[in-house]
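J.: dropping a prediction and its sequence here:
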Amino acid sequence: MIRFENVTKRYADGTTAVDGLSFEVCRGELVTLVGPSGCGKTTTMKMVNRLTEPTSGRILLDGEDIATLDPVRLRRRIGYVIQQVGLFPHKTVLDNTATVPHLLGWQRARARKRAAELLELVGLDPSVHGERYPDQLSGGQRQRVGVARALAADPPVLLMDEPFGAVDPVVRERLQSEFLKLQETVRKTVLFVTHDLEEAVRLGDRIAVYGRGRIEQFDSPAAVLGAPATPYVADFVGSDRGLKRLSVTPVEAGDLEQPPVVGAADPLGRAAGQLKAEGARWAVVLDGSGSLHGWIPADAGAPADGAAGGTVGEHARRMAAWVPVGASLRQAFSTMLQHDAGWVAVLDGERFLGVLTPARLHEALRRSIDADANATSRDAVDLETVPGA
Ligand SMILES: Nc1ncnc2c1ncn2[C@@H]1O[C@H](COP(=O)(O)OP(=O)(O)OP(=O)(O)O)[C@@H](O)[C@H]1O
């Protein structure tokens, strides 16, 4: 979809910002460009929409050399989101969002309808926020408008340059989650610049790790963390890469432990007997269809508890600590901490699959590291890393 062929950019003062860059971004793929300040990420991005021209090499968009395309028409196919957002201060949020459709000559009503749909899509209520001016929004809301505006003409490609860089970490994480959800719906081909490795790992289908003007490794987040291709990348991903890896390793059914289970409709006395016989301190409570109802401690039926009669369901406690299967280990771990729980339940829809304990979480992390270690030798053969880097 976007293909860089040996692209070099040397600025007039002799600075080589990008040096012999070759890589390809597939259709619908989100590639994050990550690296320290001044390593050429923004220059890479700006060459795609021809805000900057390469000194040598070619960039192809859908097989066409972009140097042969009219820049204005090219930019219509490419949404652009930057950190400063660049909203027009004197225009309402709705009109800001409708800017590109207006430029494309859409009827005003159609453009505003489209803008309202997009504001909804990025989580803003057009009837509340649409008539406000940019300075009446929070930083996070302004960033959302920036994303909505870039999507307005439904371009196949999105360039995002540190789009969430100016907001605080909590809002930033929320914007990232929302953007991932949005991307599942719109499936754009995205180049996303960040200098935050966590963000690159969380969002990218693949990550391009930049050294000075060059890509040192272009790979999946798990591979970059698990098998850094060069000492530079190893240094960049840092010693806490095990922690970062939690973000990219999903919880799988095979990782789970099966705790004692009792039925919500079971008489409490019988369930208590069962737990005692098994020496269990608690059990998961499921309803007749295997859905999670809650959990119950083994002493729930004890006289001291004053609850000897009735069904398990009547005495079960709510299970707040749960995650869907496929969630990241990081999410599972954070849920565990948040609820001060020794384990989290894992659900497939409503269906209870098992629980993840800290020991199982550690095993899952090991599995992911081992899988990468095994894949490394194969990857090393066809990895397009920079020679001599
Ligand atoms: N117009 C310009 N003229 C001269 N040098 C430039 C120009 N724009 C960028 N550079 C230089 O090119 C190099 C790469 O800059 P670029 O903005 O692409 O880096 P970056 O990785 O995006 O950095 P940051 O994370 O700080 O935004 C830097 O050394 C920068 O100073």
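T.: Structure received.
J.: enumerate the residues of the protein near the ligand.
T.: Selection of the chain residues close to the ligand by C-beta under 6 Å from any ligand atom yields 11, 13, 15, 17, 35, 37-43, 195. Backbone N, C-alpha and C define where each C-beta goes, glycine included.
J.: inside helices: which ones of the residues you listed?
T.: Residues of the residues of the chain next to the ligand located in helices (DSSP state H): 41, 42, 43.
J.: any of those buried? List them.
T.: Among these, those classed as buried by 16 or more other C-beta atoms under 10 Å are 41, 42, 43.
J.: quick check: closest non-adjacent residue to residue 283.
T.: Closest residue to residue 283 apart from its sequence neighbours, by C-beta to C-beta, 6 or more residues apart in numbering: residue 260 at 4.1 Å.
J.: got the CA coordinates for the strand or helix carrying residue 100 in PDB?
T.: Residue 100 belongs to helix 99-103 when assigned by DSSP states H and E. Presented in PDB, the C-alpha positions along helix 99-103 are these (Å, rounded to 0.1, in the frame of the first residue of the first chain):
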ATOM      1  CA  THR A  99     -13.300  21.200   6.500                       C
ATOM      2  CA  VAL A 100     -12.100  18.600   4.000                       C
ATOM      3  CA  PRO A 101     -15.600  17.700   2.700                       C
ATOM      4  CA  HIS A 102     -16.200  21.400   2.200                       C
ATOM      5  CA  LEU A 103     -13.000  21.700   0.200                       C
END
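J.: can you name the residues that contact the residue sitting nearest the centre point of the chain?
T.: Taking C-alpha atoms, centre = their mean, the centroid of the chain lies closest to residue 203, which sits 3.4 Å from it. Going by C-beta atoms under 8 Å, 6 or more residues apart in numbering, residue 203 touches 30, 32, 176, 179, 180, 192, 194.
J.: what about 10 Å?
T.: Contacts of residue 203 were listed using C-beta atoms under 10 Å, 6 or more residues apart in numbering, and they are 30-32, 160, 164, 176-177, 179-180, 183, 190, 192, 194, 196, 221.
J.: which stretches of the stretch 51-200 of the chain form helices?
T.: Applying DSSP state H, counting those that start in this stretch to the stretch 51-200 of the chain gives helices spanning 71-76, 93-97, 99-103, 108-121, 126-129, 139-151, 169-186, 197-203.
J.: pick the most buried one from these.
T.: Per residue and on average, the most neighbours among the helices of the stretch 51-200 of the chain fall to helix 93-97, with a mean of 25 (mean count of other C-beta atoms under 10 Å).
J.: give the residue spans of the stretch 101-250 of the chain that score low on pLDDT.
T.: 239-240 (pLDDT under 70).
J.: and the residue of the stretch 201-350 of the chain closest to the ligand?
T.: For the stretch 201-350 of the chain, the residue closest to the ligand is residue 210, as judged by C-beta to the nearest ligand atom, at 6.5 Å.
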